[in-house]
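Enquirer: just coords:
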């Protein structure tokens, strides 16, 4: 078996059709990695604002809250970092 990385694409040669199907099935069944989320407090610390400001950002659309349950809310780390890099939180 020979596996070559061709600019982000794996090229697998010298495998039987059955072996290739098994590999592809395993890749497709692998659960996707969930995006990292932050609590309101963690997001506030990252942006150096009060947790109430994070709640307000959720209401105004600057951040999209992810509701885990009626009382548990998380925020996408990626959104928080984008807001931080844009400087739009100031």
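Expert: Everything's here; your move. Please read all numbers here as calculations on a predicted model, not as lab measurements.
Enquirer: contacts only, for residue 79.
Expert: For residue 79, the contact set (C-beta atoms under 8 Å, 6 or more residues apart in numbering) comprises 63, 64. Where you see a C-beta, it was placed from the backbone N, CA and C, and this is true even at glycine.
Enquirer: which strand or helix spans it?
Expert: helix 77-86 (DSSP states H and E).
Enquirer: per-residue pLDDT, the spatially most central residue of the chain?
Expert: By C-alpha atoms, centre = their mean, the chain has its centre lying nearest to residue 35, at 2.3 Å. Listed pLDDT for residue 35 reads 80.
Enquirer: got a list of what the residue nearest to residue 78 when sequence neighbours are not counted touches?
Expert: Nearest residue to residue 78 in three dimensions, chain neighbours excluded: residue 35, at 6.3 Å (C-beta to C-beta, 6 or more residues apart in numbering). Shown in contact with residue 35 (C-beta under 8 Å, 6+ apart): 76, 77, 78.
Enquirer: with pLDDT as extra columns, can I get the residues you listed in a markdown table?
Expert: Listed next are those as a markdown table, based on pLDDT from 0 to 100:
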| residue | pLDDT |
| --- | --- |
| 76 | 94 |
| 77 | 94 |
| 78 | 93 |
